[in-house]
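# What shape does this take:
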Amino acid sequence: MDNKKTKTDQKKAQILPEIEKLNQEIVLLKQQVDEFKNKYLRAIADYQNLEKRVSEERFELMKMANKNLLVKILPFLDNLEKAELFIKDPGLKISKDHFMQILKEAGLQEIEILNKDYDPVTAEAVELIPGKDENKVVEVLRKGYMFGENIIRVAQVKVSKKISN
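Numbering: from 1, shown residues only. Sure, this is the predicted structure:
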């Protein structure tokens, strides 16, 4: 019996270092798995941030392209409005109104300044007119427009200057 116990002890003595070596290898592999998992999660987060940034940059480029196009279209819109004053054609009015609606849907906004205090940020005073109020916009010669939060063209206006008696 002692002989069997001795053989079993000898086998255990041979196996124990291998088990210890395997346990160390398991610990090392778990550390590597954790390291790769962290790198993977960081890579995914970086990729998602890149996607978000690229999407925002695309949106900004689209806005810039729209803004540039709208700036080029404004003189045409001015001409349509002038033509509407002189040509009383319902088709012209319908076309101009439809065109203006499309521009509004694209983000173009007219700056409403008539009969309001003159603001040099939104308007350029081209003439002073004697009147009863000081610094009021009395006539809009060329409309001003905004695109989103940005002024893309200031209005040209006539401003009242109070007459002193």
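# Which helix or which strand is home to the closest residue to residue 109 other than its chain neighbours?
In space, residue 109 comes closest to residue 146 once its chain neighbours are excluded; the distance is 4.6 Å by Cβ to Cβ, 6 or more residues apart in numbering. For the C-beta atoms, the positions are set from N, CA and C on the backbone; glycine is no exception. In the assignment (DSSP states H and E), residue 146 maps to strand 145-147.
# pLDDT (mean, whole number) over that strand?
Strand 145-147 shows a mean pLDDT of 97 in the predicted model.
# Contacts for that strand next, please.
By Cβ atoms under 8 Å, 6 or more residues apart in numbering, the residues outside strand 145-147 that reach it are 63, 66-67, 70, 74, 107-111, 151-153.
# Among the residues you listed, which lie within strands?
Of the contacts of strand 145-147, the ones assigned to strands by DSSP state E are 108-110, 151-153.
# Now the buried members of these.
Applying 16 or more other Cβ atoms under 10 Å to the ones in strands among the contacts of strand 145-147, the neighbour count classes 108, 152-153 as buried.
# hang on, residue 88 in a strand?
No: judged by DSSP: H, G, I helix; E, B strand; the rest coil, residue 88 forms no part of a strand; its state is coil.
# what about it, neighbour count?
Other residues near residue 88 number 8, with proximity taken as other Cβ atoms under 10 Å.
# Look up phi and psi at it.
Comment: the main-chain dihedrals of residue 88 come out as phi -90, psi 80, following degrees, to the nearest 10.
# Partner strands of the helix or strand where residue 137 lies, with direction?
Secondary-structure element containing residue 137, defined by DSSP H and E: strand 137-142. Paired with strand 137-142 in the same sheet, following DSSP bridges, are strand 155-162 (antiparallel).
# which parts of the partner strand are buried?
Of the residues in strand 155-162, those buried by neighbour count under the rule 16+ other Cβ under 10 Å are 155-161.
# Off-centre distance for that strand?
When distances are taken as Cα atoms, centre = their mean, to the nearest Å, strand 155-162 is centred 34 Å away from the chain's centroid.
# got any ranges where this structure has weak pLDDT?
Low-confidence segments of the chain, defined by pLDDT under 70, span residues 1-4, 165.
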